[in-house]
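Trainee: Everything below, folded, please.
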Amino acid sequence: MAIISALTLVRGRERHLANLMKSLALQTQRPDELVIAWMQAEPHGNLPEIGMPVRHVFVPGDPMPLAAARNRAAEAARGEVLVFLDVDCIAGPDLVAAYGAAAGERDGLFLGEVLYLPDGAVGEAIDYAALDRIGQAHPSKPAMPDTGVREEPDSGELWGLSFALRRERYLALGGMDESFHGYGGEETDFAARAGASGLRFYWTAGARAYHQHHPVHVPPLHQFDHILRNAARFRDKHGRWCMDYWLGQFRDQGLIGWSESAERIELHRRPEPQEIASALQPGERLFS
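Mentor: Alright, predicted model coming up:
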């Protein structure tokens, strides 16, 4: 049986991290270790005891070094299989076992279902039956296979919330491109390179996770500069745009000049503080 490392990235989100850690302790097959990449100078105190080694790497920097943090975590991991979980995720009880079984049968990049939770859904103890009742699937995502895996031809379906692959494959691909700084683009770039290498993508039955609520901005004006910079970086590499949905929203608000056929983004103006504040959605809004 392959050694499995769970990996997560953290800045803030103390309660979310504690719930993620608790969920790893409840797995039908626990990972062999948890690697936490801290994008801050100090770890949180009073982390829960979860019955497995917890290892720490520190990758501070601004804007948030998401690509670098993933790479440092993968390099530090001892497992043959890497399970990447966003700190906002609670792992369903069979997630690690499902990813481990899939990666043990074939080379690939494995994607799991994520259900989104409203504010206040998670108490001190994790109640999976309650999370199943109230969690909502993202409307853009397909239904999961009943058993095993189902191949996904579109590598762009990769979201960084929950995925797994063999460590040797991640490193052979060069990991995430650290020229993407701050929010957006690095996962889509990694997926594009992985797909171009011939790596196959699979939706994975049983690898369910639950996304813990946090406030969302629609559109994400608080990440405006990061999105423009990383979208331009992606187009320079791949000849097409990513995050085009958000770019279209920015265009419609008169902030930029842009189209899918454009070679560059024309900056008209940056969002005003009141526009950023008004984009913050009420607590019942689950998706950006």
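Trainee: mind listing the strands in the stretch 151-288 of the chain by residue range?
Mentor: For the stretch 151-288 of the chain, the strands defined by DSSP state E, counting those that start in this stretch cover 162-166, 201-204, 209-211, 256-257, 266-267.
Trainee: Gly248: which of the ones you listed is closest?
Mentor: Proximity to Gly248 (CB to CB) singles out strand 256-257 among these, at 9.6 Å. Backbone N, C-alpha and C define where each C-beta goes, glycine included.
Trainee: Now do the closest one: which elements does it pack against?
Mentor: helix 244-252, strand 266-267 (3 or more CB pairs under 8 Å, 6 or more residues apart in numbering; DSSP states H and E).
Trainee: so which of the ones you listed is the most packed in?
Mentor: Of all the helices and strands packed on strand 256-257, helix 244-252 carries the top mean neighbour count, a mean of 17, counting by mean count of other CB atoms under 10 Å.
Trainee: for that one, what is the average pLDDT?
Mentor: For helix 244-252, the mean per-residue pLDDT is 95.
Trainee: Tell me the helices and strands packed up against it.
Mentor: helix 224-238, strand 256-257.
Trainee: Please work out which of these is packed deepest.
Mentor: helix 224-238 (a mean of 19).
Trainee: List the residues that contact Gly108.
Mentor: Counting by CB atoms under 8 Å, 6 or more residues apart in numbering, Gly108 makes contact with Ala102, Val149, Leu165, Leu199, Arg200, Phe201, Tyr202.
Trainee: likewise Pro145?
Mentor: By CB under 8 Å, 6+ apart, the residues touching Pro145 are Trp203, Thr204, Ala205.
Trainee: can you check Trp203 too?
Mentor: Leu111, Gly112, Glu113, Pro142, Met144, Pro145, Val149, Arg150, Glu152.
Trainee: Would you mind measuring from the residue nearest to Ile227 when sequence neighbours are not counted to Arg269?
Mentor: In space, and not counting its chain neighbours, Ile227 is closest to Gly184: 4.9 Å by CB to CB, 6 or more residues apart in numbering. Gly184 sits 20 Å away from Arg269, going by CB to CB, to the nearest Å.
Trainee: Flag the least confident of the contacts of Trp203.
Mentor: Pro142 (93).
Trainee: Quick one: neighbours of it, just the number.
Mentor: Using other CB atoms under 10 Å, Pro142 has 12 other residues around it.
Trainee: what's the answer for His217, then?
Mentor: His217 has 17 nearby residues by other CB under 10 Å.
Trainee: Quick check: it touching Pro282?
Mentor: No: the criterion here is CB atoms under 8 Å, and His217 misses it with Pro282 at 11.7 Å.
Trainee: can you pull the contacts of the closest residue to Leu171 other than its chain neighbours?
Mentor: Leaving aside its sequence neighbours, Leu171 sits nearest to Ala74 (CB to CB, 6+ apart; 6.7 Å). Contacts here follow CB under 8 Å, 6+ apart; on that basis Ala74 touches Leu7, Leu82, Arg167, Tyr170, Leu171, Gly175.
Trainee: Go ahead and confirm the third one touches Glu75.
Mentor: No: under the criterion of CB under 8 Å, Arg167 is not in contact with Glu75, lying 9.2 Å apart.
Trainee: Between these two, tell me which one has more neighbours.
Mentor: Per other CB under 10 Å, whichever of Arg167 and Glu75 has more neighbours is Arg167, with 21 against 13.
Trainee: Please report how far that one lies from Pro53.
Mentor: 16 Å.
Trainee: Among the helices and strands packed on helix 244-252, which comes closest to Tyr245?
Mentor: helix 224-238 (10.5 Å).
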